[in-house]
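In: sequence first, then the predicted structure:
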2 protein chains.
Amino acid sequence: MTIILGIDPGSRKTGFGLVETDGAGTRYLSSGVVKLPVDQSLALRLKVLAESLNQIICEYKPTLAVIEQVFMAKSADSALKLGQARGAAMVVCSLAGLDVHEYATRQIKQAVVGTGGASKAQVQHMVTRLLKLPSTPQEDASDALAAALCHISGDGVRRATGAQTFATGRLK
Amino acid sequence: MTIILGIDPGSRKTGFGLVETDGAGTRYLSSGVVKLPVDQSLALRLKVLAESLNQIICEYKPTLAVIEQVFMAKSADSALKLGQARGAAMVVCSLAGLDVHEYATRQIKQAVVGTGGASKAQVQHMVTRLLKLPSTPQEDASDALAAALCHISGDGVRRATGAQTFATGRLK
């Protein structure tokens, strides 16, 4: 059984999503959004993020973590802010002994929706459907779950389990 | 006695510098550069940074950490890379219970050299002189020491110790 922690980091809120797979099937475990206290210093905001992720790692004991790769940011300022949250999240996972896998946004959308140019709403829709969720998760949580699902669609879990979870680029 | 850990984060190497002050005087403790393994994944590079900082914190037990503020990056790409190292370094300090103070580059240069537009070489020269070092530290280590010295020149330590360590904006 492989438990995958998907993370969608941001300077104001960070989405997370946990799924488990045995190669034959995928099961939703948990997801949510960590809100960073905007009225605190950057160091304390990142501490809240780190402590929340540590708690999640402690509770669900994921096998590995998946995080979206960033190729283009809107501006240097937003890239710096995103980078800080991303670096904090990655180092927490890495220090906890998790391998951290990175996938490009297009790869994630391709794996989950079937097209690299899919909208956020389409990702939310497909994540909800693929994981048979009773309601649509928040956007950041949905993006985190999509990152986790992308890893399952790829070689990583297939190699590990010897199973074929994908037929034509989408979860069965 | 206050022990200050200055950090100059970067995606390839991160400088650190430790000074201690009792309000009346300032003493150099240590400095150096953590080189991040360029042939490893980002997560593993950040792990090396985090483990090195944790070791330094463990050995010197600093009272607080100081890190340069970033206002303008050259590009979104370099801002993202810098942000990731910065976020990782800050979260390590924050998780270790250290207050993390941020100062603008101009403030640091003003405090150490006497002018906000000072060159890196001038900062190196003054850091070497102020701390009576037998040789000039590497640029990143020097920048980290300068950040630590900037904090001493400010209100932080003066308030804490009731002493006046600076006369005219420079270390006496």
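Out: Looks like it came in fine.
In: from here on, just use CA atoms for contacts and neighbour counts.
Out: Will do.
In: three-state assignment of A:Arg92?
Out: No, residue A:92 isn't Arg; it's Val. helix (DSSP: H, G, I helix; E, B strand; the rest coil).
In: how about the secondary structure of the nearest residue to it once chain neighbours are set aside?
Out: Distances taken as Cα to Cα, 6 or more residues apart in numbering or on different chains place A:Ala50 nearest to A:Val92, at 6.2 Å, with adjacent residues excluded. Three-state call for A:Ala50 (three-state DSSP): helix.
In: next, count neighbours for A:Ala50.
Out: Using other Cα atoms under 10 Å in any protein chain shown, A:Ala50 has 25 neighbouring residues.
In: run through the strands of chain A in chain order.
Out: All strands of chain A, identified by DSSP state E, fall at A:2-8, A:13-21, A:26-35, A:64-68, A:99-103.
In: which helices and strands does the first one pack with?
Out: In other words, strand A:2-8. strand A:13-21, strand A:64-68, helix A:139-153 (3 or more Cα pairs under 8 Å, 6 or more residues apart in numbering or on different chains; DSSP states H and E).
In: quick one: which of these is nearest B:Ala65?
Out: B:Ala65 sits nearest to strand A:13-21 of all the helices and strands packed on strand A:2-8, at 24.8 Å, using Cα to Cα.
In: distance from the chain centre to that closest one, please.
Out: Distance of strand A:13-21 from its chain centroid, counting by Cα atoms, centre = their mean, to the nearest Å, is 5 Å.
In: can you show me the CA trace of that strand as PDB?
Out: Coordinates of each C-alpha in strand A:13-21 appear next as PDB, following Å, rounded to 0.1, in the frame of the first residue of the first chain:
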ATOM      1  CA  LYS A  13      -2.900  28.900   2.000                       C
ATOM      2  CA  THR A  14      -1.500  25.500   1.300                       C
ATOM      3  CA  GLY A  15      -3.600  22.700   0.000                       C
ATOM      4  CA  PHE A  16      -2.900  19.100   0.900                       C
ATOM      5  CA  GLY A  17      -4.500  15.800  -0.100                       C
ATOM      6  CA  LEU A  18      -3.900  12.200   0.800                       C
ATOM      7  CA  VAL A  19      -4.700   9.100  -1.300                       C
ATOM      8  CA  GLU A  20      -3.700   5.500  -0.900                       C
ATOM      9  CA  THR A  21      -3.200   3.000  -3.700                       C
END
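In: before we move on, the earlier item: hey, which of the strands of chain A is tucked in deepest?
Out: strand A:2-8 (a mean of 27; mean count of other Cα atoms under 10 Å in any protein chain shown).
In: distance from the chain centre to that strand, please.
Out: 5 Å.
In: which residues sit against it?
Out: With Cα atoms under 8 Å, 6 or more residues apart in numbering or on different chains as the test, strand A:2-8 has contacts from A:14-22, A:60-68, A:89, A:140-141, A:143-148, A:157.
In: that older thread, can you redo the helices and strands packed on strand A:2-8 as JSON lines with mean pLDDT?
Out: Output for the helices and strands packed on strand A:2-8, formatted as JSON lines (pLDDT from 0 to 100):
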{"stretch": "strand A:13-21", "mean pLDDT": "97"}
{"stretch": "strand A:64-68", "mean pLDDT": "97"}
{"stretch": "helix A:139-153", "mean pLDDT": "95"}
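In: give me the pLDDT for the residue lying farthest from the centre of chain A.
Out: Centroid-distance maximum for chain A: A:Asp39 at 25.9 Å, with Cα atoms, centre = their mean. A:Asp39 is assigned 94 on the pLDDT scale.
In: go on, A:Ala89?
Out: 98.
In: what about it, neighbour count?
Out: Neighbour tally, A:Ala89, other Cα under 10 Å: 31.
In: show me the contacts for it.
Out: Neighbours of A:Ala89 in contact, by Cα under 8 Å, 6+ apart: A:Ile7, A:Pro9, A:Leu49, A:Ala50, A:Leu53, B:Ala88.
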